[in-house]
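Asks: sequence? don't have it. structure:
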């Protein structure tokens, strides 16, 4: 089926001279976003009569056959994703060399817009956004798709408070194409994982690192790393430590530990999957202070999409962005354009003389021992391009300082020449002490004595006592001094629900409670409804979760409070006494003189008379 792009007549309201139709089906209405890969337009699907979002890729990408093939492959993969937290992909194709993707149109705002409007979010709000994003990543990762460019701009928030993740798959195709053409790392440097900066393949844990940076930004209102150049920011990802969010906002310590684990420089130290990371965060959210709902935040933001806010220049600019190369009209400005062209030509010639005839060289400055940021600033100011190599350990040069530089100091280089910096990673790694099984205080003391910084994560455990270390990461081996060691510490046995024992016999109830790990306290009470010896009630109530090995009180029925006097005649004194006491009665005996005195022959009160538990019965023994 051939596809084409056509122009339609302008609408009567004068909001633009022309709108564009893709494939005779998608009527483009307005541009809603633009980025490194292309532009996003709101459009109307004439076939299914629904609003859609159309991403039109830059024409510069369509000339790369490798990218085109990757785009097709990734678009197919993205179309297989079916999850409420992922923007659905409906269609994709090409029109006159312009590649596009048709997606679900999301009514709402990007998380970037929300952060810009709010400054920072409450911990509960930030956690809810991240939990939903992790659910989307969990689904995508299970399908073998890694986002690679996760950031607030790619996270949309609907008016119903639902997070929608976009650009899955397309980000990978774009990154692969850029890397193939230029040998460069692509992505938004503020959120790139260390392994991506080093040029290593991204995996699901690279997305988790980026999401950890996003959570820091949501909690504090700013990014953890900043710098004048992307290189300076990239170096901080490689060598710096993400500060605790609590240093900038009122943040729960558990969230500090959660962020620290997500942004660990070693991907093996991060949560092993989006599912595990989500479960860790959900364990924290229960005790975060309540905050306004995401729905109210989005709905309270000014609506910039209303008709009154759409201006003619905006639509005109949109039309120019996706025009099909219509020849420009000749007009009275032709002579002026010729003059401008002449001036540009003369300027270009002068620049060529300056650039290629006059020598422009600078000596490489002595930057060894200075910080990488300062060295980068000096070299950039001299017109050099700076390339950052993987760091090396050194006992004398401090971590984060320049260990070596290539070419050597004093070498004369032309402007735009590449100067390679090798940063110091500080002293070499040392053995991490084994602290698993130790009390927390002893484990912390041992790690700090060897120069490590403990990070505490707590969880329940059925066999490890409270405040003892369940496991550590790294578990063994070596790590640089000053690095973090994550300790998983036991909170003791998880709370246990109280079994349903009401109405059960006392023996069975005690056995069930004992098996669940509780200490049983027995009380008695009269009951007209519950048989004697059965449980009337239990406290705390059935189903409620309480601490393991705590006390549970059961109330056991003594039967009705008033009852007929039992017949104790013909029993031995011992038998009669036992039976009476079993009913809550006390007995006294009168032994008839000159008789065998072996059996009860009479009683007072008489058989059948009403008595109360605790009453005394006089028994005549002969």
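Replies: The structure has been received and is ready for your questions. All values derive from a computational prediction rather than experimental measurement. Numbering: from 1, shown residues only.
Asks: from here on, contacts and neighbour counts on C-alpha atoms
Replies: OK.
Asks: run through who's touching stretch 372-388.
Replies: By CA atoms under 8 Å, 6 or more residues apart in numbering, the list of residues contacting stretch 372-388 from outside reads 231-232, 235, 362, 364-365, 367, 400-402, 414-423.
Asks: packing partners of the helix or strand harbouring residue 619?
Replies: Per DSSP states H and E: residue 619 is located in strand 616-621. Here strand 616-621 touches strand 586-591, strand 600-604, going by 3 or more CA pairs under 8 Å, 6 or more residues apart in numbering; DSSP states H and E.
Asks: returning to what we had before: what about the contacts of stretch 372-388, which are in strands?
Replies: Under the assignment DSSP state E, those contribute 362, 402, 414, 418, 419, 420, 421, 422, 423 to strands.
Asks: now the fourth one. Nearest residue, chain neighbours left out?
Replies: Excluding its sequence neighbours, the residue lying closest to residue 418 (CA to CA, 6 or more residues apart in numbering) is residue 385, at 4.7 Å.
Asks: about what we covered before: partner strands of the strand holding residue 619, with direction?
Replies: Using DSSP bridges, strand 616-621 pairs in its sheet with strand 586-591 (parallel), strand 600-604 (antiparallel).
Asks: related to what we said a few turns ago, of the contacts of stretch 372-388, just the buried ones, PyMOL syntax please.
Replies: In PyMOL syntax, the buried subset of those is picked out as below (16 or more other CA atoms under 10 Å):
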select buried, resi 231+232+235+362+364+365+367+400+401+402+415+418+419+420+421+422+423
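Asks: residue 497 reaches residue 539, doesn't it?
Replies: No. With contacts counted by CA atoms under 8 Å, residue 497 stays clear of residue 539, the gap being 11.7 Å.
Asks: more neighbours: which of those two?
Replies: Neighbour count, other CA atoms under 10 Å: between residue 497 and residue 539, residue 497 has more, with 16 against 13.
Asks: tell me how far that one lies from residue 283.
Replies: Remark: distance between residue 497 and residue 283 (CA to CA, to the nearest Å) = 18 Å.
Asks: next up, the contacts around residue 222.
Replies: 120, 216.
Asks: secondary structure class for it?
Replies: What DSSP: H, G, I helix; E, B strand; the rest coil gives for residue 222 is coil.
Asks: just read off the phi/psi values of it.
Replies: Main-chain torsions, residue 222, degrees, to the nearest 10: phi -150, psi 170.
Asks: need the pLDDT of it.
Replies: We have a pLDDT of 94 for residue 222.
Asks: do the same with the one 10 residues further on
Replies: Predicted confidence (pLDDT) at residue 232: the value is 87.
Asks: any chance you could map the strands in the stretch 151-300 of the chain?
Replies: Assigned by DSSP state E, counting those that start in this stretch, the stretch 151-300 of the chain shows strands spanning 155-158, 163-165.
Asks: so what does the first one touch, helix or strand wise?
Replies: Going back to what we said before, that points to strand 155-158. Checking 3+ CA pairs under 8 Å, 6+ apart, strand 155-158 ends up next to strand 108-110, helix 111-118, strand 163-165, helix 294-300.
Asks: picking up where we left off before, turn the strands of the stretch 151-300 of the chain into CSV, including mean pLDDT, distance to residue 52 and mean neighbour count.
Replies: CSV is the format used below for those (pLDDT from 0 to 100; distance: least, CA to CA, whole Å; neighbours: other CA atoms under 10 Å):
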stretch, mean pLDDT, distance to residue 52, mean neighbour count
strand 155-158, 94, 15, 24
strand 163-165, 95, 14, 27
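Asks: so the most centrally placed residue in the chain is in which element?
Replies: The C-alpha lying nearest the average C-alpha coordinate of the chain belongs to residue 130 (CA atoms, centre = their mean; 4.1 Å). Using DSSP H and E, residue 130 falls within helix 123-142.
Asks: pretty sure residue 577 is in a helix, no?
Replies: Yes. Membership of residue 577 in a helix is supported by three-state DSSP.
Asks: pretty sure it contacts residue 586?
Replies: Yes. When contacts are counted by CA under 8 Å, residue 577 is listed as touching residue 586 (7.5 Å).
Asks: isn't residue 198 up against residue 239?
Replies: No. Using CA under 8 Å, residue 198 is not in contact with residue 239, being 11.9 Å away.
Asks: and these two? Which one has more around it.
Replies: Each of residue 198 and residue 239 has its neighbours counted (other CA under 10 Å); residue 239 has more, 18 against 14.
Asks: so where do the strands sit in the stretch 351-500 of the chain?
Replies: Along the stretch 351-500 of the chain, the segments classed as strands by DSSP E, counting those that start in this stretch run 361-363, 385-388, 402-406, 412-414, 418-423, 430-431, 453-459, 469-473, 478-479, 484-490, 496-497.
Asks: so which of those strands gets nearest residue 149?
Replies: strand 385-388 (21.1 Å; CA to CA).
Asks: what strands line up against the closest one, and which way round?
Replies: Strand 385-388 sits in its sheet next to strand 418-423 (parallel), going by DSSP bridges.
Asks: can you list contacts of the strand it pairs with?
Replies: Contacts of strand 418-423 from elsewhere in the structure, counted by CA under 8 Å, 6+ apart, are 372, 379, 384-392, 399-407.
Asks: by mean pLDDT, which helix or strand of the protein comes out lowest?
Replies: Using mean pLDDT, DSSP states H and E, the weakest-scoring helix or strand in the chain turns out to be helix 312-321, at a mean of 28.
Asks: could you pull out the helices for the stretch 251-400 of the chain?
Replies: Per DSSP state H, counting those that start in this stretch, the stretch 251-400 of the chain carries helices over the ranges 253-262, 274-285, 294-300, 312-321, 334-356, 372-381.
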